[in-house]
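> A predicted structure for the sequence below; I have some questions about it.
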Amino acid sequence: MSTRARFTRIPSVLLVLAALAGCARTPQPVHSFAEGKPDKLSDWHLVEARDGRLVANAGVVPYDLNTPLFSDYAHKFRTVWLPKGTAAKYDAEGPFDFPIGTVLTKTFFYPKSGGDAKAVARTYDTSRDFVTGAAGEALDLSKVRLVETRILVRREKGWEAIPYVWNAAQTDAELARTGDAIPLELVDEKNSREAFTYVVPNENQCAGCHVTNVSAKHLEPLGPRARHLNRDYAYVGGAENQLAHWTRLGILAGAPIAANAPRDADWHDSKAPIADRARAYLDVNCSMCHSPTGPANTTALDLRSANADLRRFGLCKPPVAAGRATGDRRFDIVPGKPDDSIMLYRVMSNEPGVMMPEMGRNVAHKEGVELIREWIAATPGSCGA
């Protein structure tokens, strides 16, 4: 072979090698497992740590809620994926009817606070969570600490919850059937510190919140409901209402225009009426149990935001069977008197058997407590003598 021929072929070989290397870097398609529980989150190819980012795979759609569930100040990155050619059926009140094979993910994380791996920021500022230019679609792993990712997958037999805990290297998350307990320290903007244990629920504990109908006794998604999703999201291509975005992508069928869909308030929006903010907060944090079909339906307390019966919302309602959890208070809500109200007493508490919600948190939500206090103080009326 001539020298010229050898040099002519070298670029061709390099091109082939480059192409193979490119193929190796190409993300694998989403794998929705019909059964079983893979050992690693990466086996699903839904959200993956790549090049210093946590990114959603192609076809995996990020979303957020108007008012999220409080989880010890953790931030959350939520996604939904549906099998190609399928769509969820819209429902104005309950969870959407998702097709078999649908997978929801919720990744819990904190902004970092200094070099200590245990130190995490207690903040509502999400601007530093995401990679510049990636809008709300890629987390910057140099600035956040991943803790866990929960998967909710729709199978033939119904929804199934599968928890994964992120490793110390932040490269993958591993199956945690029995849950986990992770010591962390919340650090606020004044460098005030609060040590706590972040608890990853085991598989059975997931049912404590996700079984919202005690008669049906099956798990259901909590977040993807019209009143929670009816808001704009900062996609890479620009902000768009989530219901409209899902409809345009073909993964949601039957949704009305956003103006005609229910919408919960953003509890953190000081411009919104205090009653709307408090109702939204109690809805997302409490109504999975406190509803006509929920596990706490015997209390006759209905904390869904659409409930118009103020008595069933707690106004001057005596407890059914709360025992010492009443704090010797007579009514769930005493108009104008937050400190006389059982509701405020229970959301302030961290004591087992008293605290509400009963699970999902290990620290009190200071801002949430103040919201409920302000709302009760502004509520007119009297419970009489």
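Right, received. Where do you want to start?

> gap between the host helix or strand of V120 and the chain center?
Taking DSSP states H and E as the criterion, V120 maps to strand 119-121. Offset of strand 119-121 from its chain centre (Cα atoms, centre = their mean, to the nearest Å): 19 Å.

> which secondary structure elements does it contact?
Here strand 119-121 touches strand 103-111, strand 180-187, going by 3 or more Cβ pairs under 8 Å, 6 or more residues apart in numbering; DSSP states H and E. Any C-beta I mention is one placed from the backbone N, CA and C, and that applies to glycine too.

> now do the helices in the stretch 251-385 of the chain.
Residue ranges of the helices in the stretch 251-385 of the chain, as given by DSSP state H, counting those that start in this stretch, are 274-286, 342-348, 366-378.

> dump those into CSV; add mean pLDDT and mean neighbour count as well.
Output for the helices of the stretch 251-385 of the chain, formatted as CSV (pLDDT from 0 to 100; neighbours: other Cβ atoms under 10 Å):
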stretch, mean pLDDT, mean neighbour count
helix 274-286, 96, 23
helix 342-348, 93, 23
helix 366-378, 97, 17
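
> can I get those helices in TSV including distance to P62?
Putting the helices of the stretch 251-385 of the chain into TSV (distance: least, Cβ to Cβ, whole Å) gives the following:
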stretch	distance to P62
helix 274-286	18
helix 342-348	29
helix 366-378	24
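
> nearest to A259, of the ones you listed?
Set against A259 and scored by Cβ to Cβ, the helices of the stretch 251-385 of the chain come closest in helix 274-286, at 16.6 Å.

> quick check: C289 touching R304?
No. Look at C289 against R304 with Cβ atoms under 8 Å: they stay out of range, at 11.0 Å.

> point out the most buried one among the helices and strands packed on strand 119-121.
strand 103-111 (a mean of 22; mean count of other Cβ atoms under 10 Å).

> relative orientation of it and strand 180-187 in degrees?
40 degrees (axes from the mean of the first three to the mean of the last three Cα atoms, to 10 degrees).

> ok, residues contacting strand 103-111?
30, 32, 44, 46-47, 54, 60, 71, 73-81, 120-121, 123, 125, 128-129, 139, 143-154, 184, 221, 223-224 (Cβ atoms under 8 Å, 6 or more residues apart in numbering).

> do the same with stretch 347-359
Under Cβ under 8 Å, 6+ apart, the answer for stretch 347-359 is 201, 205, 208-209, 285-286, 289, 324-325, 327, 343, 345-346, 361-365, 368-369, 372.

> hey, where'd the strands end up in the stretch 251-385 of the chain?
For the stretch 251-385 of the chain, the strands defined by DSSP state E, counting those that start in this stretch cover 252-253.

> low pLDDT regions in it?
321-322, 385 (pLDDT under 70).

> same check, this time on the stretch 1-150 of the chain
1-25.

> the closest residue to I251 other than its chain neighbours: how many residues sit nearby?
Once flanking residues are discounted, I251 sits nearest to L82: 4.9 Å by Cβ to Cβ, 6 or more residues apart in numbering. A count of neighbours around L82, defined by other Cβ atoms under 10 Å, yields 26.

> wait, L82 touches G101, no?
Yes. Here L82 reaches G101: they are 7.1 Å apart, a contact under Cβ under 8 Å.

> residues touching A195, list them.
P183, L184, E185, L186 are the contacts of A195 under Cβ under 8 Å, 6+ apart.

> run the last query once more with 10 Å
By Cβ atoms under 10 Å, 6 or more residues apart in numbering, the contact set of A195 is K118, A119, P183, L184, E185, L186, V363.

> redo those residues as TSV? Include distance to F331.
Shown next, in TSV, are the contacts of A195 (distance: Cβ to Cβ, whole Å):
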residue	distance to F331
K118	41
A119	41
P183	38
L184	36
E185	37
L186	33
V363	27
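
> from those, which is closest to P273?
Among the contacts of A195, and counting by Cβ to Cβ, the member closest to P273 is V363, at 27.6 Å.

> state the phi and psi torsions of the closest one.
The phi/psi pair for V363 (degrees, to the nearest 10) reads phi -130, psi 150.

> residues near it, how many?
18.

> same deal with G238?
9.

> now F70
20.

> contacting residues for the closest residue to it other than its chain neighbours?
Of all residues not flanking F70 in the chain, H365 sits nearest, at 4.7 Å (Cβ to Cβ, 6+ apart). Each residue near H365 by Cβ under 10 Å, 6+ apart is listed here: F70, S71, D72, Y73, Y281, N285, V347, M348, P357, L371, I372.

> show me what contacts the fifth one?
What it means is Y281. 67-70, 264-268, 303, 305, 347, 365, 367-368, 371-372, 375.

> now do the helices in the stretch 1-150 of the chain.
Using DSSP H, counting those that start in this stretch, helices in the stretch 1-150 of the chain cover 3-25.

> in it, which spans are strands?
With DSSP E, counting those that start in this stretch as the criterion, the stretch 1-150 of the chain has strands spanning 47-50, 53-56, 61-63, 75-81, 88-89, 103-111, 119-121, 138-140, 144-155.

> distance to G237 added to those strands, as TSV?
Supplementary listing: the strands of the stretch 1-150 of the chain in TSV, determined by distance: least, Cβ to Cβ, whole Å:
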stretch	distance to G237
strand 47-50	19
strand 53-56	14
strand 61-63	12
strand 75-81	16
strand 88-89	21
strand 103-111	21
strand 119-121	29
strand 138-140	14
strand 144-155	23
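
> and the residue nearest to T132 when sequence neighbours are not counted, how far from R304?
Leaving aside its chain neighbours, T132 sits nearest to D140 (8.0 Å; criterion: Cβ to Cβ, 6+ apart). With the distance defined as Cβ to Cβ, to the nearest Å, D140 ends up 36 Å from R304.

> so which of these two has more stuff around it?
For D140 versus R304, the count of surrounding residues by other Cβ under 10 Å is larger for R304: 21 against 17.

> OK, contacts around the more buried one?
Taking Cβ under 10 Å, 6+ apart, we find R304 in contact with 93, 227, 264, 279, 282-283, 286-288, 290-292, 294, 312-313.
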